[in-house]
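[1] Need a 3D model of the sequence below.
(2 chains)
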Amino acid sequence: AQSVTQLGSHVSVSEGALVLLRCNYSSSVPPYLFWYVQYPNQGLQLLLKYTTGATLVKGINGFEAEFKKSETSFHLTKPSAHMSDAAEYFCAVSPIKAAGNKLTFGGGTRVLVKP
Amino acid sequence: GAGVSQSPSNKVTEKGKDVELRCDPISGHTALYWYRQRLGQGLEFLIYFQGNSAPDKSGLPSDRFSAERTGESVSTLTIQRTQQEDSAVYLCASSTEGGQGYEQFFGPGTRLTVL
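    Numbers count the residues shown, from 1 in each chain, chains lettered A, B, ... in the order given. Next comes the predicted model:
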């Protein structure tokens, strides 16, 4: 069975500072990897995903993530935080060889951006 | 264009009552997913539809939960004899196909409160 661990349920960063959200997965085979963002009172929105190819993935709003197979990690970063980045972020995985695209989510990390 | 819509947005019910939650996916999306998000937790997969059939129901927590999809469009999640532990936000998502790696587009969710 797959599992996803997000280190830190809450992260506070200053505006302009680096945002780093950690995600580690447990899977016998490297899965597909996703980061979703949930703004207050809105549905989840895909930030970026890794399926194949280059391990450094760029997404929307200046976010990027790097798949590191040896570390079973897919950490999310943004060089400079903006107030609009305040939201909850979810890392998710889905198995490669399976019907459908069932997502297994981490517990989420809520980001607070301080002015 | 229209995204995934869900109704009602909020539902308060008494323990023991049945509830129906509705999901309207993006037109043309063949795959549809239901997830549950309990307070302070990540999302849990409930069920996956490909067309009108459900090849993966592994996440349904008990036989009180059921779902159907008609016309390769609207889906209804039914919870019978609701319990307080059913209180959660129920999210629906759809994607172009059920294959691996396709982006899932999420609706805003239905917040269910069981008193």
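[2] Next, count neighbours for residue 36.
    Just so you know, I chose chain A. For A:Tyr36, the count of nearby residues is 24 (other Cβ atoms under 10 Å in any protein chain shown). C-betas here are computed from N, CA, C, even on glycine.
[3] was after chain B, sorry
    For B:Arg36, the neighbour count with other Cβ under 10 Å is 21.
[4] And the pLDDT at it?
    Looking at B:Arg36, its pLDDT is 96.
[5] ok, is the lowest-mean-pLDDT helix or strand in chain B in contact with chain A or not?
    Taking mean pLDDT, DSSP states H and E as the measure, the helix or strand of chain B with the lowest value is strand B:53-56, at a mean of 88. Yes: if you take Cβ under 8 Å from any Cβ of the partner chain as the test, strand B:53-56 does meet chain A, through B:55-56.
[6] List the neighbours of that strand that are in contact with it.
    Strand B:53-56 is contacted from outside by A:99-100, A:102, B:47-48, B:67, B:69, using Cβ atoms under 8 Å, 6 or more residues apart in numbering or on different chains.
[7] Among those residues, name the buried ones.
    Listed as buried from the contacts of strand B:53-56 are A:100, A:102, B:47-48, B:67, B:69; burial here means 16 or more other Cβ atoms under 10 Å in any protein chain shown.
[8] Can you point out the buried residues in stretch A:34-44?
    A:34-38, A:43-44.
[9] contacts with chain B among those residues, please.
    Applying Cβ under 8 Å from any Cβ to the buried residues of stretch A:34-44, those adjacent to chain B are A:36, A:43-44.
[10] just to revisit the earlier point, in TSV, list the buried ones among the contacts of strand B:53-56 along with secondary structure.
    Formatted as TSV, those follow (DSSP: H, G, I helix; E, B strand; the rest coil):
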residue	secondary structure
A:Gly100	coil
A:Lys102	coil
B:Ile47	strand
B:Tyr48	strand
B:Ala67	strand
B:Arg69	strand
